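Colleague: need a structure here:
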Amino acid sequence: MSSETSTLPAGWATILDEVHRRLDHAIALADTRIAHLTHLELDSFADQHRQAIAQWNVRLQRLHDFLQSTEQVVQSVDEILQQEESSLRGHLTKSATVRQKLAESTGRAIG
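Modeller: Numbering: from 1, shown residues only. I've put the predicted structure just below:
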C-alpha cells in the first residue's frame, strides 16, 4: 500500500509496529512468569492461605464475643431505663393527682 492511498497519517505504521513489538514482549514475559508458577510449592501456598483464614476466624470470633457481651450490656441498660421510666410515669401520675386535689381544695376555699 502506498503512502498516498493509506488512511493512516504518516508515521503511524512505525507506531503500530512498536506497539506490536511491545505486546509480543509483554506476552513473552507473561509466558515466562506462568512457566515459573508451575514450580511453586502449591501446598505451601495453600498453607499460607489457611493460616491467614484461621487468623481471620480468630479475629471474627473475638469480635462476635465482644458484640455478644455488648448486647448483654445494652439489654441491662434498657431494662434499667424501662424501670426508671415506669417510676417517673408513676411520679407524674401522683403529681397530677396532687395538683388536681390542690386545685379542687383551693377552689373550694375561694368559692
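
Colleague: now whatever helix or strand L63 lives in: how far from the chain's centre is it?
Modeller: Here L63, judged by DSSP states H and E, is contained in helix 42-110. Relative to its chain's centre, helix 42-110 lies at 24 Å (C-alpha atoms, centre = their mean, to the nearest Å).

Colleague: one more: stretch 11-25?
Modeller: 45 Å.

Colleague: got it, and stretch 14-32?
Modeller: Centroid separation for stretch 14-32 versus its chain: 41 Å, with C-alpha atoms, centre = their mean.

Colleague: what is the mean pLDDT for that stretch?
Modeller: The average pLDDT for stretch 14-32 rounds to 93.

Colleague: just the CA coordinates of that stretch, formatted as CSV?
Modeller: Below are the C-alpha coordinates for stretch 14-32, written out as CSV (Å, rounded to 0.1, in the frame of the first residue of the first chain):
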residue,chain,number,x,y,z
THR,A,14,6.0,2.7,12.7
ILE,A,15,4.0,3.4,15.9
LEU,A,16,1.8,0.3,15.2
ASP,A,17,4.9,-1.8,14.7
GLU,A,18,6.3,-0.6,18.0
VAL,A,19,3.0,-1.4,19.8
HIS,A,20,3.1,-4.8,18.2
ARG,A,21,6.7,-5.4,19.3
ARG,A,22,5.9,-4.3,22.9
LEU,A,23,2.8,-6.6,23.1
ASP,A,24,4.9,-9.5,21.9
HIS,A,25,7.5,-8.7,24.6
ALA,A,26,4.8,-8.5,27.3
ILE,A,27,3.3,-11.8,26.2
ALA,A,28,6.7,-13.4,26.3
LEU,A,29,7.3,-12.1,29.9
ALA,A,30,3.9,-13.3,31.0
ASP,A,31,4.6,-16.8,29.5
THR,A,32,7.8,-16.9,31.4
